[in-house]
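*Asks:* Would you be able to build a 3D model of this:
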Amino acid sequence: MEDRLYTIENLVCSLSLLVMLVTVALGVCIRIFDWPVPNVAEWAMAAMSPLAFVGSAMCARRREHISVDIIEQVRSVLLRRLAAMLVAVLMLAFSAIYAWLGWGLFEDARQTGERWLDMGTPLYVPIFFFFAGMACMAVHGVCDVLRVCRGDGIGPVHDHAQHPETAS
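*Replies:* Numbers count the residues shown, from 1 in each chain. Here you go, the predicted structure:
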């Protein structure tokens, strides 16, 4: 289930990057050729939200955050496991709290109907991805806690398709 979630996160981030690329290029063309088209740069700014927040969930899934680097330096297996558990629980708490706050912010933006100025993009669109990213990170946090309890939640997750030598 977590691998499927990661695949969806990867797709969302890839599409966000594509939106940013296209809208920034289009914005440059609009300025250079003085086309009578509204500024599409707000779509690029809106695409930064899924890229940042859903991308952070991807980093949490792959355990590619600084705490993993620190945990790997600890020599004691017991301390390494305790540190991994602490990080997993704190990540779960952080993401769950911010997912809850993000949902409230999303609901508020949806109910008020606020929009950005140039293209009229609803403000709730980028705010939704704040909530979604934190919710995905909470799911990864739960899975991390379970992995650490099983004894295999320490260190980064390797992509076995790209690095078959790490498959076990």
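
*Asks:* Give me the mean pLDDT for stretch 36-48.
*Replies:* The average pLDDT within stretch 36-48 is 89.

*Asks:* Could I get the buried residue list for it?
*Replies:* Using 16 or more other CB atoms under 10 Å as the test for burial, stretch 36-48 gives 39, 40, 41, 42, 43, 44, 46, 47, 48. Where C-beta positions appear, they are placed from N, C-alpha and C, glycine not excepted.

*Asks:* The second one contacts residue 23, doesn't it?
*Replies:* Spelled out, it's residue 40. Yes. Residue 40 is in contact with residue 23 according to CB atoms under 8 Å; the separation is 4.6 Å.

*Asks:* At the geometric centre of the chain, which residue do we find?
*Replies:* By CA atoms, centre = their mean, the chain has its centre lying nearest to residue 54, at 2.1 Å.

*Asks:* next one: the helix or strand containing that one to chain centre, how far?
*Replies:* According to DSSP states H and E, residue 54 maps onto helix 41-61. Distance of helix 41-61 from the chain centroid (CA atoms, centre = their mean, to the nearest Å) equals 6 Å.

*Asks:* Next up, the contacts around residue 42.
*Replies:* 116, 117, 118, 119, 121 (CB atoms under 8 Å, 6 or more residues apart in numbering).

*Asks:* Double-check that the fourth one belongs to a helix.
*Replies:* No. The assignment for residue 119 by DSSP: H, G, I helix; E, B strand; the rest coil gives coil, which leaves it out of any helix.

*Asks:* That one and residue 13, how far apart?
*Replies:* For residue 119, the distance to residue 13 (CB to CB, to the nearest Å) stands at 22 Å.

*Asks:* count of residues packed around residue 97?
*Replies:* 12 (other CB atoms under 10 Å).

*Asks:* circling back to that earlier point, would you list the buried entries among the contacts of residue 42?
*Replies:* 116, 121.

*Asks:* Of the contacts of residue 42, which one scores lowest on pLDDT?
*Replies:* For the contacts of residue 42, the model is least confident at residue 118; its pLDDT is 80.

*Asks:* Which residue, neighbours along the chain excluded, lies closest to that residue?
*Replies:* residue 39 (4.4 Å; CB to CB, 6 or more residues apart in numbering).

*Asks:* And what about the one you found, helix, strand or coil?
*Replies:* coil.

*Asks:* How about residue 32?
*Replies:* helix.
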